[in-house]
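Engineer: structure here, sequence nowhere to be found:
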């Protein structure tokens, strides 16, 4: 598979020029939780680490896809700094090591002489570090829920699962886009995520959440906006080989996950 076609480059260039106002480096802060429960605050902090991890990794992938775009590099550095603040607050040595591993892979990538993109081993290393960190974060969140006696809320958990699913799809999509060989080597050496299957899951769960929270005065409008934005990006996620538009996917994913987090924190 050819890494970039002339049409694709034209599309990306047009998007970059027409969307400058939407790609500012400032990243919205994770919404403040509406409770002082130590366990809930701990979960909130862990979610902040996860948000920073996914966005740092996706910025790394976009940095490569967009010909080492300096704006994406600065955004990656911003998210790594955000993550440093959250991980320090979490005060968990084991998670700190995994966070440091992700930072190391993002900032020490090797680039090919031909094309100047990150080599396959570097892409694999970022992906593996991201998976390792997020898995550990989810275990820590479960521990906080259990030890802090945080009430189980099936629909609220589904709302956060939507956030995780969207981030997982986006990271997988951008990882494949970033690979110089179209994702073939990365997929074969480091496993592969079925993006289309996750997209179907996301759509199904979004329908259930709209049915359940549609009349909620704060969550309902957020879900409505998410649904509109999802309509713009879902076909691109499902049809990766036919319509590879990483910049569009990255942008809409960030907007969707911002709103999913806002909705989820309302329920904490």
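Structural biologist: Perfect, I can see it now. Quick caveat: nothing in here was measured; it's all calculated off a predicted structure.

Engineer: contacts and neighbour counts: CA atoms only from here.
Structural biologist: OK.

Engineer: does residue 193 touch residue 171 like I think?
Structural biologist: No: applying Cα atoms under 8 Å as the test, residue 193 and residue 171 come out as separate, 9.8 Å apart.

Engineer: and the two? which has more neighbours close in?
Structural biologist: The residue with more neighbours, out of residue 193 and residue 171, is residue 171; 26 against 14, by other Cα atoms under 10 Å.

Engineer: just the pLDDT for that one.
Structural biologist: Reported pLDDT at residue 171 in the predicted model: 89.

Engineer: buried residues in the host helix or strand of residue 253?
Structural biologist: Using DSSP states H and E, the element containing residue 253 is helix 246-266. Within helix 246-266, the residues that count as buried by 16 or more other Cα atoms under 10 Å are 246-250, 252-254, 256-265.

Engineer: check stretch 144-160 too.
Structural biologist: Those would be 144, 145, 155, 156, 158, 159, 160, for stretch 144-160 by 16+ other Cα under 10 Å.

Engineer: one more: stretch 231-239?
Structural biologist: Buried positions in stretch 231-239, judged by neighbour count with 16+ other Cα under 10 Å: 233, 234, 236, 237, 238.

Engineer: stretch 96-110 now?
Structural biologist: 96, 98, 99, 100, 101, 102, 103, 105, 106, 109, 110.

Engineer: same list (these) but as CSV, adding secondary structure and pLDDT.
Structural biologist: Output for these, formatted as CSV (DSSP: H, G, I helix; E, B strand; the rest coil; pLDDT from 0 to 100):
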residue, secondary structure, pLDDT
96, helix, 98
98, helix, 98
99, helix, 98
100, helix, 98
101, helix, 98
102, helix, 97
103, helix, 97
105, helix, 96
106, helix, 94
109, coil, 89
110, coil, 88
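
Engineer: which of these lies closest to residue 167?
Structural biologist: residue 102 (15.9 Å; Cα to Cα).

Engineer: which residues touch that closest one?
Structural biologist: Contacts here follow Cα atoms under 8 Å, 6 or more residues apart in numbering; on that basis residue 102 touches 53, 126, 129, 130, 133.

Engineer: cool, residue 248 as well?
Structural biologist: By Cα under 8 Å, 6+ apart, the contact set of residue 248 is residue 233.

Engineer: how about residues contacting stretch 201-209?
Structural biologist: 155, 158, 159, 162, 165, 166, 223, 227.

Engineer: redo those as a markdown table? Include pLDDT, distance to residue 59 and secondary structure.
Structural biologist: Below are those laid out as a markdown table (pLDDT from 0 to 100; distance: Cα to Cα, whole Å; DSSP: H, G, I helix; E, B strand; the rest coil):
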| residue | pLDDT | distance to residue 59 | secondary structure |
| --- | --- | --- | --- |
| 155 | 93 | 30 | helix |
| 158 | 95 | 26 | helix |
| 159 | 94 | 24 | helix |
| 162 | 96 | 20 | helix |
| 165 | 95 | 18 | helix |
| 166 | 95 | 15 | helix |
| 223 | 97 | 25 | helix |
| 227 | 97 | 24 | helix |
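
Engineer: how far away is residue 214 from residue 199?
Structural biologist: 21 Å (Cα to Cα, to the nearest Å).

Engineer: higher neighbour count, these two?
Structural biologist: Neighbours per residue, other Cα under 10 Å: of residue 214 and residue 199, the larger number sits with residue 199, 20 against 17.

Engineer: so that one sits right up against residue 240, yeah?
Structural biologist: No: using Cα under 8 Å, residue 199 is not in contact with residue 240; the gap is 11.6 Å.

Engineer: which residues of the stretch 1-150 of the chain fall in helices?
Structural biologist: 6-18, 38-65, 70-90, 93-107, 120-147 (DSSP state H, counting those that start in this stretch).
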